[in-house]
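# what follows is a predicted protein model with its sequence.
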Amino acid sequence: MDLGLDLTEREGTAVLAVSGEVDVASAPRLRERIVGMVADGHRRIVLDLDDVDFLDSTGLGVLVGALKRVRTHGGELHIVCTSPRILKVFDITGLTPVFALHDSVDAAVRPS
């Protein structure tokens, strides 16, 4: 399945809707897109993973790298995810407390 990346902006927050599979083949595209967003000056980023069907270790690595990159530039990274299967990946890898996880884009866009 192809990786879909749809960038919108809500209330001054960049929202990247990710769909499909984030794996060893598609993760570099996601990384490039996030790097470009930070380079373009986006400092508050929401990654909407609700339409992601599969996330492997390479995809997780991209998310961890994105978090570091955004924080290095004084920004915030929020993740929207309600899929039990994807949430389980965060849980078993111990990354649940590392990320700001939300159950909706509305909740993620609200200032912390």
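Arrived safely.

# chain center to the lengthiest helix in the chain, what's the gap?
Longest helix in the chain by number of residues (criterion: DSSP state H): helix 57-72. Relative to its parent chain, helix 57-72 has a centroid offset of 8 Å by CA atoms, centre = their mean, to the nearest Å.

# then stretch 89-105?
10 Å.

# contacts for that stretch?
Residues outside stretch 89-105 that contact it (CB atoms under 8 Å, 6 or more residues apart in numbering) are 10, 15, 46, 48, 55, 60, 63-64, 67, 76-82, 87, 108, 112. In short, each C-beta sits where N, CA and C put it, glycine included.

# go on, stretch 14-24?
Contacts for stretch 14-24 (CB under 8 Å, 6+ apart): 1-9, 26, 30, 33-34, 37, 42, 44-56, 58-59, 62, 105, 108-109.

# again, 6 Å this time
With contact meaning CB atoms under 6 Å, 6 or more residues apart in numbering, stretch 14-24 is reached by 1-4, 6-8, 30, 37, 42, 45-49, 51-56, 58-59, 105.

# can you flag the buried ones in those?
For these, a burial check counting by 16 or more other CB atoms under 10 Å picks out 3, 30, 37, 42, 45-49, 52, 55, 58-59, 105.

# ok, which pair from those is furthest apart?
Thr58 and Val105 (24.7 Å; CB to CB).
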